[in-house]
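sharing a model prediction with you, sequence too.
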Amino acid sequence: MSFLEAQSLDVRYGGIRAVRGVDIRVEEGETVALIGANGAGKSSMLNAIAGVLPHTGSVYFNDIDITRRPVFDRVKRGISMVPEGRGVFGRLTVEENLLMGAYLGNSQQEQDLDLTQMYEFFPRLKERRRQTGGTLSGGEQQMLAIGRALMSRPKLLLLDEPSMGLAPIMVEKIFEVIRGVSKTGVTILLVEQNARLALESSQRAYVMESGELSITGESKELLHSSQIRSSYLGEGN
């Protein structure tokens, strides 16, 4: 069994079936991208894997069935998520936000080491560590959300639209960090509206349409697919 494996995953919002019996797998150490149009069900699938949304089907992580496990249990097992919209605590300082990611019981020494690493990843957060989260720019808040997730020492990082609403220079910085995190051995499942960046930053990818997976393959091959280039990279036929 793969490091992460979802089988027949189904998510509904009342009568609307947002995810339709999807199977997905992610191997340990991989970065896997999930691309598709808005409303395709990508975020719903990510939230189901994180335990935020009720679902049917099965989710296995590290050879354990976590289908009915609550969110905090999944975090303890090594799954951490950066949600769409960042979700920082506006009234807490940058450093307090980061430490919230370590709330499950890392020792003081581990927290100090992890804080040092986060400030190496994000020097701008170190400069602003006494500022409240709500006063940061959108890009800085995205850095903070990623740093907070990494403070839990995840084995699997779920990223939901990390480039949304950011200036191009900040998008490049965020993806530089994502690639750096991947090199440390953290497995990543990435939902991203910028299909080109997602494919360039991953080893494999899934394309989702209307709640179902339509295409899957090696990212470098999908980058050269005429269908992908036309539909998701804006290059026409």
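Good, I have the coordinates. Numbering: from 1, shown residues only.

what about the residue nearest the centre of the chain, which SS state?
A centroid search over the chain (CA atoms, centre = their mean) returns Leu159, at 1.2 Å, as the residue closest to the centre. Assigned state for Leu159: strand (three-state reduction, DSSP: H, G, I helix; E, B strand; the rest coil).

quick one, what contacts it?
81-82, 146, 178, 188-192 (CB atoms under 8 Å, 6 or more residues apart in numbering). Yep, even glycine has a C-beta here, placed from its N, CA and C like the rest.

distance-wise, check it relative to Glu127.
Relative to Glu127, Leu159 is positioned 24 Å away (criterion: CB to CB, to the nearest Å).

could you do Asn38 as well?
According to CB to CB, Asn38 stands 34 Å off from Glu127.

these two: who's more crowded?
Neighbours of Asn38 and Glu127, each counted by other CB atoms under 10 Å, are more numerous for Glu127; the result is 12 against 8.

quick one, longest helix in the chain?
Counting by DSSP state H, the longest helix found in the chain is helix 168-183.

so Lys76 sits in a helix?
Yes - judged by three-state DSSP, Lys76 forms part of a helix.

surely it touches Pro70?
No - using CB atoms under 8 Å, Lys76 is not in contact with Pro70, being 9.9 Å away.

ok, back up a step: of the contacts of Leu159, which is the nearest to Gly51?
Met81 (9.0 Å; CB to CB).

hmm, back to that, the more surrounded of Lys76 and Pro70?
Counted by other CB under 10 Å, Lys76 and Pro70 do not tie: Lys76 has more neighbours, with 13 against 10.

what pLDDT does that one get?
At Lys76, the pLDDT value in this model is 92.

how about the contacts made by it?
Each residue near Lys76 by CB under 8 Å, 6+ apart is listed here: Leu104.

can you tell me what sits against whichever helix or strand Ile188 is part of?
Taking DSSP states H and E as the definition, Ile188 sits inside strand 187-191. Contact with strand 187-191 is made by 3-4, 26-35, 42-43, 45-46, 49, 84, 155-162, 178, 181-182, 198, 201-202, as judged by CB under 8 Å, 6+ apart.

can I get the very next helix or strand once past that strand in CSV, CA atoms only?
Using DSSP H and E, the helix or strand that follows strand 187-191 towards the C-terminus is helix 195-200. Extracted C-alpha coordinates of helix 195-200, given in CSV (Å, rounded to 0.1, in the frame of the first residue of the first chain):
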residue,chain,number,x,y,z
ALA,A,195,-0.9,24.4,-13.2
ARG,A,196,2.5,25.1,-14.7
LEU,A,197,4.2,25.8,-11.3
ALA,A,198,2.4,22.8,-9.8
LEU,A,199,3.7,20.5,-12.6
GLU,A,200,7.2,22.0,-12.5
